[in-house]
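Colleague: Any chance you could fold what I've pasted below:
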Amino acid sequence: MKVITERDVFSMLEIKKEHYQRNLRRFKGNRLAVTGSAILLVIILLVLIAPFMTTYGPLEVDPKNRLQAPSSEHWFGTDNFGRDLFSRVLYGAQVSISVGFSVALIASFLGLVIGLLCAYYAILDHVLMRICDGLFAFPSILLAIAIVAAMGPMKSNVILALVIVYTPSVARVVRSVALVVREQMYIEALRSQGASAWRIIWVHMAPNSTSPLIIQTTYIFAASILTEAALSFLGAGIPAPDPSLGNILLDGKSVIFNAWWMTVFPGLFIMAMVLGLNLFGDGLRDLLDPRNNQTKK
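Modeller: Numbers count the residues shown, from 1 in each chain. The predicted structure is shown next:
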């Protein structure tokens, strides 16, 4: 048995440090990824400090100052009930981020479990993948509307509906990668040595299937923000008067020619969040793709 010395440990740490620094340099060299990260950091910072930036609550009504244009007192103007739009947009972005993050996290976990089980067990593959194919037959927005309409317009129901909508796409991506991993020689060696299915799936197959899962998670995050806004705009998402970027756009639809700020500012926030997540996801894809790693060495 080889004894690991202090020099070996130091050498391994140096290799890991060099690998981390090389990946960090590559990420910094990707201007789109850096731009996306900067956009996300700014939005998250604004959302976190929203209670300290606004002197008006998102539900405070002031009919005397309804539909006021942007000014030093109301940075984004006011809506048709006199509520401060800057406050409502920030709190609405908070709702969008919380919904998107919850959906991305839960759907990624469930998709990972389903994808790995389908890749390893043929019986589960036939059953679960056919269910996923059936869910794919419905457009995502229509399926989400149907689920929320059946359960009621609530934040938790919106999250549940979007998890059901986006989990099949994650499961399919994980399954396609896990099927390749399952046929590797070291997996066959583990089987021949009597390793349990649990160990093979969660200790060896799962870590090798996470790279595309991480990338897919960022896209689901962005898609969930868009879908939540669409549901709220259609009246099937976050119920009024709670702020949501979608229902703010719904309020601004009837006064779009008289109060342009009610549609422009929430629309810009939605666009910025989705753009930042997509650019960040593209950067992660370039960073985690092994083919890129080989060509840039």
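
Colleague: What is the burial count for the closest residue to residue 47 other than its chain neighbours?
Modeller: What sits nearest to residue 47 in space, not counting adjacent residues and going by CB to CB, 6 or more residues apart in numbering, is residue 94, at 4.6 Å. Glycine gets a C-beta too; all of them are placed from N, C-alpha and C. Counted with other CB atoms under 10 Å, the neighbours of residue 94 add up to 21.

Colleague: same check, this time on residue 202
Modeller: Using other CB under 10 Å, residue 202 is surrounded by 14 other residues.

Colleague: so it sits in a strand?
Modeller: No: with DSSP: H, G, I helix; E, B strand; the rest coil as the criterion, residue 202 is located in helix rather than a strand.

Colleague: Could you pull up the contacting residues of it?
Modeller: Neighbouring residues of residue 202 by CB atoms under 8 Å, 6 or more residues apart in numbering: residue 116.

Colleague: Quick check: phi and psi at the residue nearest to residue 47.
Modeller: Per-residue torsions, residue 94: phi -60, psi -40 (degrees, to the nearest 10).

Colleague: Report whether the expected contact of it with residue 46 is present.
Modeller: No: when contacts are counted by CB atoms under 8 Å, residue 94 is not listed as touching residue 46 (9.3 Å).

Colleague: Contacts only, for the residue nearest the centre of the chain.
Modeller: The residue lying closest to the centre of the chain (CA atoms, centre = their mean) is residue 221, at 1.5 Å. Shown in contact with residue 221 (CB under 8 Å, 6+ apart): 100, 101, 103, 104, 277.

Colleague: Go again with 6 Å.
Modeller: Contacts for residue 221 (CB atoms under 6 Å, 6 or more residues apart in numbering) come out as 100, 104, 277.

Colleague: starting at the chain centroid, how far to the one helix or strand the first one maps to?
Modeller: Using DSSP states H and E, residue 100 maps to helix 85-120. Relative to the chain's own centre, helix 85-120 is displaced by 5 Å; criterion: CA atoms, centre = their mean, to the nearest Å.

Colleague: One more: stretch 45-60?
Modeller: Mean-position distance between stretch 45-60 and its chain equals 23 Å (CA atoms, centre = their mean).

Colleague: contacting residues around it?
Modeller: The contact list for stretch 45-60, computed with CB under 6 Å, 6+ apart, reads 84, 87, 88, 90, 91, 93, 94, 241, 243.

Colleague: Can you tell me which of these are buried?
Modeller: Restricting the contacts of stretch 45-60 to buried positions leaves 84, 87, 88, 90, 91, 93, 94, 243, with burial counted as 16 or more other CB atoms under 10 Å.

Colleague: pretty sure the third one contacts residue 244?
Modeller: No: taking contact to mean CB atoms under 6 Å, the distance of 8.9 Å between residue 88 and residue 244 leaves them out of contact.

Colleague: Tell me which residues of the helix holding residue 100 come out buried.
Modeller: Buried residues in helix 85-120, counted by 16+ other CB under 10 Å: 85-97, 99-100, 102-104, 106-108, 110-120.

Colleague: by contact count, what packs against that helix?
Modeller: helix 122-136, helix 155-182, helix 210-233, helix 245-253, helix 261-288 (3 or more CB pairs under 6 Å, 6 or more residues apart in numbering; DSSP states H and E).
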